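*Asks:* Predicted model, plus sequence, below.
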Amino acid sequence: MIHLVAMTPLTLLLSAPLLIALFDAARHLLLLKDLLEEIGIRSNTPTVFEDNKAVISIVANNAIPKGNSKFIERKYLQTREWIKNERMNISFTSSETQVADALTKAKYGDDFIKFQKHILGPK
């Protein structure tokens with residue numbers, strides 16, 4: 001169950017870059033899935049893990065208040081259609097368990113060791 005997040009113009013404005021990133025990741029994910037299917041490799045519906053509830057509300061629940069969509073180009077909302085048509089799923093994951101954060105944010109101490117083990121595997 002995905003819960004709605006209160007959407008203000010500021011929340012929407014701050015979510016716009018994350019929607020663009022989600023669109024790009026989903027687009028590449030679906031291109032790879034289609035390529036694999038062309039060569040005969042079937043796979044399950046892919047899931048994108050997102051750690052921003054506002055972004056999930058926008059794409060999974062169509063939660064943009066009237067008049068506030070001017071912050072987002074239409075093409076970046078294509079992710080909604082992919083989810084609706086079951087080409088992909090989106091699931092919430094906390095920032096603490098978001099593996100991609102280790103590639104984009106500085107990690108120190110125990111967090112660094114945890115993500116290092118998760119990405120590289122145990123020694």
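*Replies:* Yep, that arrived. Numbering: from 1, shown residues only.
*Asks:* what number of residues lie near residue 57?
*Replies:* Per other C-beta atoms under 10 Å, the neighbour tally for residue 57 reads 20. Just so you know, the C-beta spots here come from the backbone N, C-alpha and C atoms, and that holds for glycine as well.
*Asks:* And residue 77, by the same measure?
*Replies:* 16.
*Asks:* tell me the contacts of it?
*Replies:* By C-beta atoms under 8 Å, 6 or more residues apart in numbering, the contact list for residue 77 reads 19, 58, 59.
*Asks:* Tell me the predicted confidence for it.
*Replies:* Residue 77 is assigned 79 on the pLDDT scale.
*Asks:* quick revisit: going by distance to residue 40, which of the contacts of residue 77 wins?
*Replies:* Proximity of these to residue 40 (C-beta to C-beta) peaks at residue 59, which lies at 30.5 Å.
*Asks:* And what about residue 48, helix, strand or coil?
*Replies:* On the three-state scheme (DSSP: H, G, I helix; E, B strand; the rest coil), residue 48 is labelled strand.
*Asks:* try residue 42
*Replies:* Three-state assignment for residue 42 (three-state DSSP): coil.
*Asks:* can you tell me how far it sits from residue 86?
*Replies:* Going from residue 42 to residue 86 by C-beta to C-beta, to the nearest Å gives 15 Å.
*Asks:* if we can go back for a sec, so which of the contacts of residue 77 is the closest to residue 49?
*Replies:* Among the contacts of residue 77, and counting by C-beta to C-beta, the member closest to residue 49 is residue 59, at 13.2 Å.
*Asks:* Now for this structure, the helix or strand with the poorest mean pLDDT.
*Replies:* Lowest on mean pLDDT, DSSP states H and E among the helices and strands of the chain sits helix 101-104, with a mean of 71.
*Asks:* so after it, what's the next helix or strand?
*Replies:* Later in the chain than helix 101-104, the nearest helix or strand by DSSP states H and E is helix 109-120.
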